[in-house]
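# Give me the fold of what follows.
(one chain, ligands or ions: 1)
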Amino acid sequence: MRTRPMPRVGHEVSEIGLGCWQIGGGWGTVTDDQARQLLHVALDAGVTFLDTADVYGDGRSERLVGSVVAERGDHDRVLVATKAGRRADPHVPEAYHAESLRGWVTRSLDNLGVERIDLLQLHCPPTPVYDDDTVYDALDALVGEGLLAAYGVSVETCDEALTAIARPHVASVQIIVNAFRQKPLEQVLPAAAAAGVAVIARVPLASGLLSGRYDLDTTFAADDHRTFNRHGDAFDVGETFAGVPFEVGVQAAGEVAQLAGDDLPPARLALRWLLDQPEVTTVIPGARSKDQVAGNVAASATPPLGADTHRRLQAIYDTHVRGHVHHRW
Ligand SMILES: NC(=O)c1ccc[n+]([C@@H]2O[C@H](COP(=O)([O-])OP(=O)(O)OC[C@H]3O[C@@H](n4cnc5c(N)ncnc54)[C@H](OP(=O)(O)O)[C@@H]3O)[C@@H](O)[C@H]2O)c1
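Here you go, the predicted structure:
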């Protein structure tokens, strides 16, 4: 597994990480045993970056991640990133103040079973929060007290990312970027690289669309966001299938699968496309089986895609997807 630096965190991390939303909930049933197995397989395979959040299963994901990392004695080797903010109800800019941040951090420390959080990310806060000096002051204070090693942001839009990157102590930006979400390549990735801000590429498979396994008859469990948030009823629609209408995504993913051919699984092609972007620090696919984890890790050892493959992926994006997502996020 290759690693890449997170300059402002002062760590190298595996270029393929593991997204841990599904370990909390929101993706149908994943039992504790399955969740622990996914974590062990990933860590055994060299993954050293785990992404979770306080709201994934209301702390379940954090607790599972914390306990597996602790029982393996992996604290020094593995960087655990969590997120805060989404517990606020209502989720308004005023909810982000020093006291609430301290409360969320305290709870995450407890869930993770650690004395210091490696990387705390604001969890897609309302847009005005990115311009609020008091929020950054509060985060700096938590770093000063040793409760956080570093902090970053998870954003919805490119504009939010650019605002955050301009802040001197923001160490990372987590953003949806994948073969069906190419706008971050224009400004966000270069700006982050220039500032030494790590880029965490989330939803890299467009919620599984880019695996090429779904067709128009595919259904998902009732408690899977690909059912209940398909039209943005629960949270930003961009988090489900990267905001690409399902039917459009199925057709475009079919073309990606053709391009991948018989030798390369389309999911691996999609992850390799991201790894071919030098500004991306780590890619965090979610996975619901051991085989998926192993397949995703294998992207690191897969040779870079050729220029022609990059051009054809761009053409698929331009033809089918761009009109649905490029102007929105
Ligand atoms: N606001 C935020 O900050 C935010 C929002 C969303 C996600 N995230 C983070 O980003 C992580 C990743 O995003 P995501 O899980 O939403 O989407 P994703 O990684 O694009 O998609 C995950 C899905 O892709 C499929 N998949 C994974 N590996 C595969 C493989 N090797 N072959 C075939 N199919 C494969 C699985 O679908 P099936 O279930 O159909 O098998 C899996 O459930 C999350 O776990 C979370 O940590 C953060």
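
# State the distance from A260 to the ligand.
From A260 across to the ligand, the span is 12 Å (C-beta to the nearest ligand atom, to the nearest Å). The way it works is simple: take the backbone N, C-alpha and C, and place the C-beta from them, glycine included.

# Equivalent analysis for T240, please.
Taking C-beta to the nearest ligand atom, one finds T240 at 8 Å from the ligand.

# isn't that residue right next to H225, touching?
Yes - the pair T240 and H225 qualifies as a contact (C-beta atoms under 8 Å) at a distance of 5.4 Å.

# Please list the residues of the stretch 201-329 of the chain that sit near the ligand.
202-208, 211, 213, 239, 267, 284-288, 292, 295-296 (C-beta under 6 Å from any ligand atom).

# what sits against the nearest residue to I176 once chain neighbours are set aside?
Of all residues not flanking I176 in the chain, V203 sits nearest, at 4.6 Å (C-beta to C-beta, 6 or more residues apart in numbering). Neighbour list for V203: I176, N178, R181, E239, A242 [criterion: C-beta atoms under 8 Å, 6 or more residues apart in numbering].

# Next, please give the residue ranges for the strands of this protein.
Under the criterion DSSP state E, strands of the chain are mapped to 3-6, 11-14, 18-19, 49-51, 79-84, 119-123, 151-154, 170-176, 198-202, 282-283.

# Dump those to JSON lines, plus mean neighbour count and mean pLDDT.
Putting the strands of the chain into JSON lines (neighbours: other C-beta atoms under 10 Å; pLDDT from 0 to 100) gives the following:
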{"stretch": "strand 3-6", "mean neighbour count": "18", "mean pLDDT": "98"}
{"stretch": "strand 11-14", "mean neighbour count": "22", "mean pLDDT": "96"}
{"stretch": "strand 18-19", "mean neighbour count": "27", "mean pLDDT": "98"}
{"stretch": "strand 49-51", "mean neighbour count": "28", "mean pLDDT": "98"}
{"stretch": "strand 79-84", "mean neighbour count": "26", "mean pLDDT": "98"}
{"stretch": "strand 119-123", "mean neighbour count": "26", "mean pLDDT": "98"}
{"stretch": "strand 151-154", "mean neighbour count": "28", "mean pLDDT": "98"}
{"stretch": "strand 170-176", "mean neighbour count": "27", "mean pLDDT": "98"}
{"stretch": "strand 198-202", "mean neighbour count": "26", "mean pLDDT": "98"}
{"stretch": "strand 282-283", "mean neighbour count": "30", "mean pLDDT": "98"}
